[in-house]
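Q: the following block contains a protein sequence and its predicted model.
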Amino acid sequence: MFARPASSPPSGEAARKPLIASLIAADVRLNGELVSEGEVHLDGALEGEARVRRLVVGETGFVDGAIDADSVAVRGRVHGAITARAVVLHASAQVDGDITASELAIEAGARFSGRSVHSEPPTAVALLDAAE
């Protein structure tokens, strides 16, 4: 009477579960390389490189090393180069390093010491070549 009609399981991209954001708490210190295909919210400290899809550096967060991501939002401190498609420096951000991005937003109050280099977003052909 109230049964749902049977449906086939989704395939391909639709079958993937969305990745849950990982939280690195304020009392955690990492040394080395941080790699994730999802979102990482960093309230602790990272000494080393970060290669993630999306990185949020919280107000108590600190990165001492290079960041390579699709998007980066900084509320805390970063000492190192940031390479991303989109970067947002919030009012509490302190960044000492170069930023390479196709989109860069800096809120009033953010501190940024370094060079800003505009990069073109990757084209569909470049993305296909990288996947092969």
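A: Sure thing, it's come through. Note that the structure is a prediction, hence the values are computed from the model and not measured.
Q: what residues are up against Asp96?
A: Residues in contact with Asp96 (CB atoms under 8 Å, 6 or more residues apart in numbering) are 78-80, 113-114. No exception for glycine: its C-beta is placed from N, CA and C like everyone else's.
Q: from these, which is closest to Glu33?
A: Gly80 (12.8 Å; CB to CB).
Q: from Ile20, how far out is that closest one?
A: Counting by CB to CB, to the nearest Å, the gap from Gly80 to Ile20 is 26 Å.
Q: those two: who's more crowded?
A: Between Gly80 and Ile20, counted using other CB atoms under 10 Å, Gly80 has the larger neighbour count: 19 against 8.
Q: state the pLDDT value of the more buried one.
A: At Gly80, the model reports a pLDDT of 98.
Q: correct me, but Ala73 touches Leu55?
A: Yes: because the distance of 7.4 Å satisfies CB atoms under 8 Å, Ala73 is recorded as touching Leu55.
Q: the more surrounded of the two?
A: Legend: neighbour count by other CB under 10 Å for Ala73 and Leu55, higher for Leu55 (28 against 19).
Q: the more buried one bridge partners, please.
A: Residues in a beta bridge with Leu55, per DSSP bridges, are Val40, Val72.
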